[in-house]
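**Student:** Fold the stuff below for me.
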Amino acid sequence: MKKIILSLIVAASAYASTELFVKSDENILKLKDANVYFGSPATLVKEKGKSKVVKFQGFIDPANPSVIYATKNYKLPLVESKDIKADGEKASIELEIPSQNLTADQALAWEDSGDIFYDKCTKCHGVHAPKEFDMLSWEGLYFSMKDRAQPTDNQEMQILRYLYAHASDGILDEK
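**Tutor:** Numbers count the residues shown, from 1 in each chain. Okay, the predicted model is just below:
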């Protein structure tokens, strides 16, 4: 009996800590009380039929307390909402998101932005791996070359999010 209970506890904790990523045809998934940026990582809290309750965690900029950022440098926003719970410099929010807008596959969530980055940024030179530079360096490099690449506003957001997320000081590994 103890083995069964222990197995259930281990399975439940593994299930509860499932990492999911927001996917959307738009750069921002607009919910009733929040805007969630594509690719944002979240932890599964519970299933609710055709939706899931997920938790986003990150850092909050005191000058902009309605946004959770992935890192302390406030370059990669995850969620915008008035319902963010702050605890010092850290913040979190639980949101119900349609299951169709969540995936456990990091590569799938970031696929479109990666494709745009490689398409736009290899017109004039060879490709650089996102891990080659930190977020601040990518920002400077990107803005020095964006006139040549001529991205739309939506593409610019996707490229910068991709570079920030996958940078040497980013939150993701390129897959």
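
**Student:** just the strands in this protein please.
**Tutor:** Along the chain, the stretches classed as strands by DSSP state E are 19-22, 28-30, 34-37, 41-48, 51-61, 64-69, 77-81, 85-87, 90-98, 102-103.

**Student:** Now do the same contact list for the residue most central in space within the chain.
**Tutor:** Centroid check for the chain by CA atoms, centre = their mean gives residue 40 as the closest residue, at 2.1 Å. Residues near residue 40 by CB atoms under 8 Å, 6 or more residues apart in numbering: 21, 22, 56, 70, 78, 79. To be clear about C-beta, it is placed using only N, CA and C from the backbone, and glycine gets the same treatment.

**Student:** and these as CSV, adding distance to residue 151?
**Tutor:** Below are the contacts of residue 40 laid out as CSV (distance: CB to CB, whole Å):
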residue, distance to residue 151
21, 22
22, 21
56, 27
70, 22
78, 22
79, 24
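
**Student:** Columns pLDDT on top of those, output as CSV?
**Tutor:** Output for these, formatted as CSV (pLDDT from 0 to 100):
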residue, pLDDT
21, 97
22, 97
56, 98
70, 97
78, 98
79, 98
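
**Student:** Quick check: of these, which has the highest neighbour count?
**Tutor:** The most crowded member of the contacts of residue 40, judged by other CB atoms under 10 Å, is residue 79 (27 neighbours).

**Student:** thinking that residue is in contact with residue 68, fair?
**Tutor:** Yes - in this structure, residue 79 is within contact of residue 68 by CB atoms under 8 Å, at 4.7 Å.

**Student:** what separates the closest residue to residue 108 other than its chain neighbours from residue 148, distance-wise?
**Tutor:** Spatial nearest neighbour of residue 108, chain neighbours left out: residue 23 (6.5 Å); criterion: CB to CB, 6 or more residues apart in numbering. Look at residue 23 and residue 148: by CB to CB, to the nearest Å, they are 29 Å apart.

**Student:** Quick one: distance of stretch 107-125 to the chain centre.
**Tutor:** Its chain's C-alpha centre and that of stretch 107-125 lie 16 Å apart, by CA atoms, centre = their mean, to the nearest Å.

**Student:** And the average pLDDT for it is what?
**Tutor:** What stretch 107-125 shows for mean pLDDT is 91.

**Student:** Please identify the buried residues of that stretch?
**Tutor:** Buried residues in stretch 107-125, counted by 16 or more other CB atoms under 10 Å: 109, 110, 111, 112, 113, 114, 116, 117, 120, 121.

**Student:** which outside residues touch that stretch?
**Tutor:** Contact with stretch 107-125 is made by 21-23, 38-39, 103, 127-128, 130, 145, 148-151, 155, 158-159, 161-163, 165-166, 172, 174-175, as judged by CB under 8 Å, 6+ apart.
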